[in-house]
Each structure stands twice: as structure tokens, then as C-alpha cells.
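Engineer: A structural model of the following input is requested.
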Amino acid sequence: MRYFGTDGVRGRVGTHPMTVEFALRLAGAAARVLASKGGRVLVGKDTRLSGYMFEAALEAGFVAAGVDVLLVGPLPTPGIAYLVQRLGCDFGAVISASHNRYDDNGIKFFDRDGGKLADELEEAIESHLDEPAPTRESSALGRATRVDNERQLYQSFCASTLPTGMRLDGLKLVVDCANGAAYKVAPRVLADLGAEIVPIGCSPNGRNINDGCGSTDPGLLKLTVSGVRADAGVALDGDGDRLVMADHLGRSVDGDQLLYVLAKARLAAGTLKGPVVGTVMSNLGLELALRDLGVPFQRAAVGDRNVLQLLRANGGMLGGEASGHLLVLDKTTTGDGLIVALQVLAVMKATGKSLAELAAGMQRFPQQLLNVRVAKRFDAAREPSVAAAIARVEQSLGTRGRVVLRASGTEPLIRVMVEGEDAQSVGRHAEELAAAVRAAAPPA
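Structural biologist: Residues are numbered from 1 along each chain as shown. Have a look, this model is predicted:
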């Protein structure tokens, strides 16, 4: 596909395709495919300054195509997925570049069931992008309505994912919303459930989203948790679909560790179904810890879409990535950082254990990831010299280590990942493989 990547259309604001003119045509194309006879679309966004202009462009394109538009304003991406179903919309549109800096933005769509669009639908939308945005006659135009108060429906839904009657009284939590889309709903949900809240990263100004805060940069979260003697910290990313936590000692608890905590709790409760699904980049410690529990573990290609496909194919309910993009399919249809946080906090309340105690059963193995820039992408592992280097490293690591080589899907990079028990040897092996990849790379 020309424009749709793994998570919608994304790029630098003001550079094609992230321009107002393209957004207008994208709205018209999406309307043709997803609501050809009118209908309703829910449009939400994060807190980037450019969100205002893209919201206006999408609104104009949808209304001109005869689609009614519900504008909900800043709301986490998973909140849009939920409200699309709850409000009976034909599809949803989210204006966000997730964990990227403010000068990037993106547009992605959900279908009427709150799921990401199938590839064939994205291809159909792209097939109309070279056509002018349609404008119907006046009597057939759509209407635009502000529905900001509907975010309370999403807040109630998040709270409802806790066990019946459970509250969070007695927990002191630091909440970092990355100055992004969750800055209103996350603190309110947690406070309404009785937790004492210390908010950080909850003062967006249009430019500070993901800037020194949130799940991609949890340093401030960790310092604040230990500084105010909180029980735990919760860090979301700019669009609220990722979660990283901190324990009471101010140590990061990443997505792999959170998956372990949830899987162990559901196993003990007898509610765990299917395998836990990670990716080829998931920490080996997660796989071994789950094996010790007797829980099957499978690896998908990188990307939450691939994790979701493998979960559905095997009847699983828990999956995700170390970055914190986690799926809890018995609670919601898509990755939702706030809902996952609530599930972890519920385990803390039910067991009376700290997050540090709950995560202690998983040993994180040291990982080294190196990005090798090449003139053009190639299958490095098929090159004899690289394959020989991989074999040497794998023999050295034995059963307590892994090697992953993969080409980036968006840049001319070969990603080299080595994992093992000893950080020093892991780094040495990664450098050896990176050198082998550079030597084998084809010329420009």
C-alpha cells in the first residue's frame, strides 16, 4: 500500500501525506468505502497542535460526502474504538501519531466493531485517493455535532472492567499521561475509584506530547513514584494505547512483565484461555517464566495487529509487546493502556502484593538492539557470512539466549537483537553480528 502502514497513515506535519489537502481527500475516500450511503463517523484526536486542522479537514470531507460527524475531541485511541460501537457509528477516525513527537501526526480508522480495518478495506480507500473529494448536493450533506460529554461513557466502561465491587482505595498512584489524549480520563477514572492520584504529564500545550514523559520516557515517573512514596506509577503514551508501570521502588515494569503478572493471576483464577502471545522481540525471560507456570507462549511478528491475529487464531486472551501495547481481549477489543493498568491494579488489590512482588517471578534477560543502516533492505540471515556469524553466536548462547535479525518495515535498517543472561557477552555478540551485516550489505 502507498499510504497505510501498520497503524494508519502517518508522517511529518506539512509534508505529504500529512497535509490538509490529503486529509480532505482521505475523508472522501474513506466515506466512499465505509459509508457509501451516508451514515455516521466518530472523530477523535490526541493533543497535538496540528490535530485542530486535521479534525477540521476530516469534518469537511465527511460532511461533504454526506456522512454525519460526531466530534469527541481529545480521547485515547481505545476510547474511540469503544465509542464507535457504543454510539452505533459506521466507523471511527483517530488523529494521532501515538508515541511520536508533536511535529508528526497520523490518521487511522476503526470499523463499526471497534477493530482496525482489514487490509482490503485500506486498499479500497487508497484506490480512491487520486479522485477529488466528493461533495453531495445540499439536501444530502452530513451534519457535524460535538459530543465531548460522551467521554464519560468510556470512563464508565474502563471502571467496569474491574471485578464487581472492587475499588482502589488505599492505593497512591502517580499517573503520567504523556501530555496526551488520556490527560482527562485516566486521572478521573482512577480517582473516582478511590485511588490517591499524583498527576504528571497531564498539562498538554499542543507541543509537549511525549516530551520527556509517558511510556516512552518513564524517567520522571520513576523518580516521582519513589519521591512521593507511591504504591505504583502508571505511564501511558500520547494516544493512550500503551502502558509502562513503575513499582514502589521506582523501577520500570515493562509490557513483558505486565503480561506475566496478568497471565499468572488469570491462571490462578482459572480464567486464562489459550496461549499468551508476544512478538519475536519479547524478552526470553517472559517465555521461560510462563513455561515454568505451564502456560503456552507463542511469538508473532512485531506489531499489535500480528499479535491480535495470532490470539484470535488460537483462542487466546492476553498478548502484546514489551513497549506496553498490550491486548486483554476478555475486557476490550484493542490495546488500552488504562484498562490494562486497571487489571494490574486489580491483581495488586486482590493479592495484597506490591507490583514489585508480582513481577519478581519473571527474570528479564539483558537485550542489545542495534540498528544497522544499509543502502537497501535485504534478507541478512540468508547471506552465508551472516548465517555463519548467527550460528556461532547461537552456539555460544545455548538455550538461554536468542538472536533476531529483521529488516525494518519503514526504514533501510537491519535490526540486530541479541539476548542472553550476561549483559557484557550479549553486547559483544550484538556488535559481532552488526559487523557481519555491514560487511554483507549490498551496495547502493
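Engineer: okay, buried residues for stretch 291-299 please.
Structural biologist: By neighbour count with 16 or more other C-beta atoms under 10 Å, stretch 291-299 contains the buried residues 295, 297-299. (C-beta placed from N, C-alpha, C; glycine too.)
Engineer: my bad, should have said stretch 399-411
Structural biologist: Under 16+ other C-beta under 10 Å, the buried positions of stretch 399-411 are 401-407.
Engineer: with respect to Pro443, which of those residues is nearest?
Structural biologist: Closest approach to Pro443 among these (C-beta to C-beta): Ala407, at 16.9 Å.
Engineer: is that closest one bridged to anything, and to what?
Structural biologist: For Ala407, the beta-bridge assignment (DSSP bridges) gives partners Ile414.
Engineer: what's the answer for Asp176, then?
Structural biologist: Legend: beta-bridge partners of Asp176 under DSSP bridges are Ile200, Ala235.
Engineer: how distant is the helix or strand encompassing Ala23 from the center of its chain?
Structural biologist: Secondary structure from DSSP states H and E places Ala23 in helix 20-34. With C-alpha atoms, centre = their mean, to the nearest Å as the basis, helix 20-34 stands 24 Å off its chain's centre.
Engineer: got the buried residues for that helix?
Structural biologist: 20, 22-34.
Engineer: one more: stretch 361-378?
Structural biologist: Buried residues in stretch 361-378 (16+ other C-beta under 10 Å): 362, 364-368, 370, 372, 374, 378.
Engineer: and the helices in this protein, which stretches?
Structural biologist: 20-34, 51-64, 77-86, 119-127, 151-160, 185-192, 219-228, 255-269, 284-293, 304-314, 337-351, 355-359, 384-397, 423-440 (DSSP state H).
Engineer: nearest to Ser323, of the ones you listed?
Structural biologist: So among the helices of the chain, helix 255-269 is nearest, using C-beta to C-beta, at 5.8 Å.
Engineer: now that closest one: mean pLDDT?
Structural biologist: Averaging pLDDT along helix 255-269 yields 98.
Engineer: now stretch 224-231
Structural biologist: 98.
Engineer: try stretch 167-187
Structural biologist: Summarised as a single mean, pLDDT over stretch 167-187 is 98.
Engineer: quick one: it to chain centroid distance?
Structural biologist: In terms of C-alpha atoms, centre = their mean, the centre of stretch 167-187 is found 17 Å from the chain centre.
Engineer: quick one: end-to-end distance for that stretch.
Structural biologist: 15 Å (C-alpha to C-alpha, to the nearest Å).
Engineer: in this structure, where is pLDDT below threshold?
Structural biologist: 409-410, 444 (pLDDT under 70).
Engineer: what separates the residue with the largest distance to the centre of the chain from Gly38, distance-wise?
Structural biologist: Relative to the C-alpha centroid of the chain, counting by C-alpha atoms, centre = their mean, Ser139 is the outermost residue, at 40.4 Å. To Gly38, Ser139 is 12 Å away according to C-beta to C-beta, to the nearest Å.
Engineer: I am finished for the moment; much appreciated.
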